[in-house]
Each structure stands twice: as structure tokens, then as C-alpha cells.
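*Asks:* Sharing a model that was predicted from the sequence below.
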Amino acid sequence: MTAAPEQIDVLDEAREQVLERGVGLTEAQVLKVLELPDDRIPELLALAHEVRERWCGPEVEVEGIVSLKTGGCPEDCHFCSQSGQFPSPVRSAWLDIPGLVRAARQTRDTGATEFCIVAAVRGPDKRLLSQVRDGIKAIRADGNDIQIACSLGMLTQEQVDELVAMGVHRYNHNLETARSHFPNVVTTHSWEERWDTLRMIRDAGMEVCCGGIIGMGETLAQRAEFAVQLAELEPDEVPLNFLIPNPGTPYENYPVVEGAEALRTVGAFRLALPRTILRFAGGRELTFGDLGAKQGMLGGINAIIVGNYLTNLGRPAQQDLDMLEELSMPIKALSQTL
Amino acid sequence: MITTVYCSFCGKEEADGDHAFCRQRLSMIDPPRYCGECARRMVVQVTPDGWTARCSRHGETGSAR
């Protein structure tokens, strides 16, 4: 006699389906994971960690990011302190080329293999692309061979081709949230427009980095929907952010995601995306603190952003590197990425 | 000597109200956004290991990690 579907434990299913066969959970299964009680979180995280070790290996990918062009963005992403449409205290700023080179050097010196150049724009104009091109040349002239990623908004095919020619190996463009929730978060462009850029990036041979932000008023069902939509995209990397309620944004009074809920989300996303680089990104300092960060690293995460973010500060890089050493997690070497 | 009159997180007078939340944010994840002397919004650049904040009246401050 077989158990009725509703009686089958989702973590038992995941052990056979995800751990043994490498097949990510379905939307309905992800939702069941997100609804697990707190006392099952340790079991979930242990399984997610096993999945990560089995399908991704033990290495942790370390990345640094920097904002090349800050603030003044015409888009209205409700979580973002860089939108020019909200009374945020963040003012516009451009990082010059020497500053960019220093930022890349600071990142390389942590042992990171990835350096992501980010701009708060709808999409890059000629001036921005020129700055990126000159910046990459200057980083290389500095003797820095770190892998360079970019996040410059929505792209045309011509711009995709230009970035490939510059040697950009990965492009970040977050879908941010579930397709069904996106219109509540952004009204100045659509989820589909972002998807189109992501397809162009993939087709051009660049690695796709695409994630989002947890805690923007989405339901658990929408969180599950988002995990599965990301899985359909088959990104190389998924950065997982937790909302930082920033002053002046429409979400400034939203609550910080509670630690247990965030850990459940980490585990669930790993079980939906068994082979993907799953990166701890912004907001983890507020959501998790030190203890939770370790639990996350032992719960399916296999990449981190070290140091500061774009407009917010992170923990000192050394603190995270010490954590990885304490957890006996090797840092992915540049030679493995080339 | 610099006199800090304004909260560098919210830009309101330090003497006006409770700034415990502001101090918490500044100690965890936020660089200063307002000049402590005049409350002007500053141009802030965050880099992987530090930040700089420039007030058009009172100049630049920074904290490299």
C-alpha cells in the first residue's frame, strides 16, 4: 500500500528526487518546504547542505561588488534606495576609473574570484559602457585577472555583444520576485523585459546571474513560484537577498525577514536549484546576524558577497573568510573558474 | 573640533527624538547619509572595504576597513 500524496513527507521526497537524482523540487513541493515548522529547519538545512555538496562540491565562490554609478535611476523598483522616484537620502555618484581599479584590487586581495561592476540604470548608455570598457582595461593593466561580471540593467543585443567583447564573463540581472508579484514591486518595466535580457545573455555565451529579494510582501506561494521560475531559467548563479527596508523607499517600513523564515527559504531554494551557485547577498547581516550566516552556509549556500554592497555596508571581508575557514569550506580558486 | 548636531542616518537633530534605531543601522549596515554639522545630504561612495561621504559645505569623511 502506498501513502497518499498528502502524507508523503516533502523532505523524504527531496532526498530521493533532489539528492539522489539531482532533480529540483516542483513549485508545490517548494511551497511545502516553505511551510515546514520551525522544528524541522535543522533537518531541512542538513539535507540542503548535502545536496549542495553532492551537486556543486565543497568550494565556496567569493565575490566583491561595487557601484560604478549610484542613485538617480529612472526606474521605480520599490525596494531600491537608488531610484530617483523616491525621497531616498542616496545621492547620485560616479566612481572614477582609479576608484574602480582600487575596488577590484581590494576584492582580489580577499581571495575572491569574482568582481561585479554595478550601475543603477534602466540600461546602459554609451557613456556608461565606455566607462565599463575603460575600467576593465585599467583593471587588467593593474595586473588583476579576477573574473569580471557586470550588472547594468536591461540590454540590447548590441550591448550584449559589446560586453562579451570586453571579456565580461557573467551578467547579473535579477528577476527580483515571482512573475505574479513583480507588478507590485516595479511598474516602469516588466518581468518579461528582464527575462528577454536574460535570454540574450545566455544565448551570447555569458554566464547568467539572476536572483532576487525575499521579503517584499510576496506570499509563500509566490516565493515558491519564484524559485521554480528561476529554475526554469537555469541560471549559473542565484544571488539571494533579504529586504533591507531603506529610508525613503515604499518598503521602508516593511519588517526585516525573520531568521527562521530566511533559513527555510535558503533550504527551499537549494532544493529547487540543486546545481546552481546560490549566493548569500544583501540583507543577511540584518536578517541572520553571525549565527544565522553560519547556518545558511551549512544549509545550501555555496557563494557569498564579501565586504560592502552597493549602498549598504556588509561585514568586513575577513570576518566572512574566517567563518569559511572555521566551517572548513574551501574558497573556489581562480584557476577553477578560468 | 567638529560638532555633531544632526543624525547622519536620518538628518534630524540629534537632540530631537530617539535615534537608537539610527545608531543601530549606522553600526550595522549604513554609511552616513547626512552631514552631522549641517544635515546636508552627502554624496556617498561605498567600496568593497570602505566608504567616503562628501558634504558640499564641510568636505569629505571616510572610513576604510
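*Replies:* Right, received. Where do you want to start? Residues are numbered from 1 along each chain as shown, chains lettered A, B, ... in the order given.

*Asks:* Now do the helices in the chain.
*Replies:* As the question left the chain open, I've gone with chain A. Along chain A, the stretches classed as helices by DSSP state H are A:10-14, A:27-34, A:41-56, A:97-108, A:126-141, A:157-166, A:182-185, A:191-203, A:220-233, A:259-272, A:284-287, A:289-297, A:317-326, A:334-337.

*Asks:* Can you look at chain B instead?
*Replies:* Using DSSP H, helices in chain B cover B:20-28.

*Asks:* and the residue most central in space within it, what pLDDT?
*Replies:* A centroid search over chain B (Cα atoms, centre = their mean) returns B:Pro32, at 2.6 Å, as the residue closest to the centre. pLDDT, B:Pro32: 97.

*Asks:* is it true that it touches B:Ser8?
*Replies:* Yes: between B:Pro32 and B:Ser8 there is a contact at 3.4 Å, judged by Cβ atoms under 8 Å. From N, CA and C alone the C-beta is placed, and that goes for glycine too.

*Asks:* Quick check: neighbours shared by the two?
*Replies:* Common contacts of B:Pro32 and B:Ser8 (Cβ atoms under 8 Å, 6 or more residues apart in numbering or on different chains): B:Leu26.

*Asks:* Show me which parts of stretch A:29-41 are buried, residue by residue.
*Replies:* For stretch A:29-41, a neighbour-count test (16 or more other Cβ atoms under 10 Å in any protein chain shown) marks A:29-34, A:36, A:41 as buried.

*Asks:* what sits up against it?
*Replies:* Under Cβ under 8 Å, 6+ apart, the answer for stretch A:29-41 is A:10-11, A:13-14, A:25, A:44, A:220-221, A:223-224, A:227-228, A:260, A:263-265, A:267-268, A:271-272.

*Asks:* For it, list the C-alpha coordinates in CSV.
*Replies:* In CSV, the C-alpha atoms belonging to stretch A:29-41 read as follows (Å, rounded to 0.1, in the frame of the first residue of the first chain):
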residue,chain,number,x,y,z
GLN,A,29,7.0,20.8,-3.3
VAL,A,30,8.9,24.1,-2.6
LEU,A,31,5.8,25.5,-1.0
LYS,A,32,5.6,22.5,1.3
VAL,A,33,9.2,23.1,2.3
LEU,A,34,8.4,26.8,3.0
GLU,A,35,5.6,25.7,5.2
LEU,A,36,7.6,23.3,7.3
PRO,A,37,7.5,24.0,11.1
ASP,A,38,10.5,25.6,12.8
ASP,A,39,11.5,22.3,14.5
ARG,A,40,12.2,20.8,11.1
ILE,A,41,14.5,23.5,9.9
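
*Asks:* what about it, average pLDDT?
*Replies:* In the prediction, stretch A:29-41 has an average pLDDT of 98.

*Asks:* next one: it to chain centre, how far?
*Replies:* Between the centre of stretch A:29-41 and the centre of its chain there are 22 Å (Cα atoms, centre = their mean, to the nearest Å).

*Asks:* again with stretch A:180-198
*Replies:* Distance, centroid of stretch A:180-198 to centroid of chain: 17 Å (Cα atoms, centre = their mean).

*Asks:* now do stretch A:68-79
*Replies:* For stretch A:68-79, the distance to the chain centre is 18 Å (Cα atoms, centre = their mean).

*Asks:* May I have the distance across it, first residue to last?
*Replies:* When the termini of stretch A:68-79 are compared using Cα to Cα, to the nearest Å, they are 19 Å apart.

*Asks:* got it, and stretch A:297-310?
*Replies:* Start-to-end, stretch A:297-310 (Cα to Cα) is 22 Å.

*Asks:* Is it in proximity to chain B?
*Replies:* Yes: Stretch A:297-310 comes into contact with chain B (Cβ under 8 Å from any Cβ of the partner chain), by way of A:306-310.

*Asks:* and residue 63, what does it touch?
*Replies:* With no chain named, the answer covers chain A. By Cβ under 8 Å, 6+ apart, the residues touching A:Glu63 are A:107, A:112-116, A:149, A:279, A:303-306.

*Asks:* wrong one, chain B
*Replies:* So B:Ser63 contacts B:31, B:50-51 (Cβ under 8 Å, 6+ apart).

*Asks:* In CSV: those residues, plus distance to chain A.
*Replies:* Shown next, in CSV, are the contacts of B:Ser63 (distance: Cβ to the nearest Cβ, whole Å):
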residue, distance to chain A
B:Pro31, 6
B:Gly50, 7
B:Trp51, 7
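
*Asks:* got those as JSON lines, with neighbour count columns?
*Replies:* Shown next, in JSON lines, are the contacts of B:Ser63 (neighbours: other Cβ atoms under 10 Å in any protein chain shown):
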{"residue": "B:Pro31", "neighbour count": "22"}
{"residue": "B:Gly50", "neighbour count": "18"}
{"residue": "B:Trp51", "neighbour count": "20"}
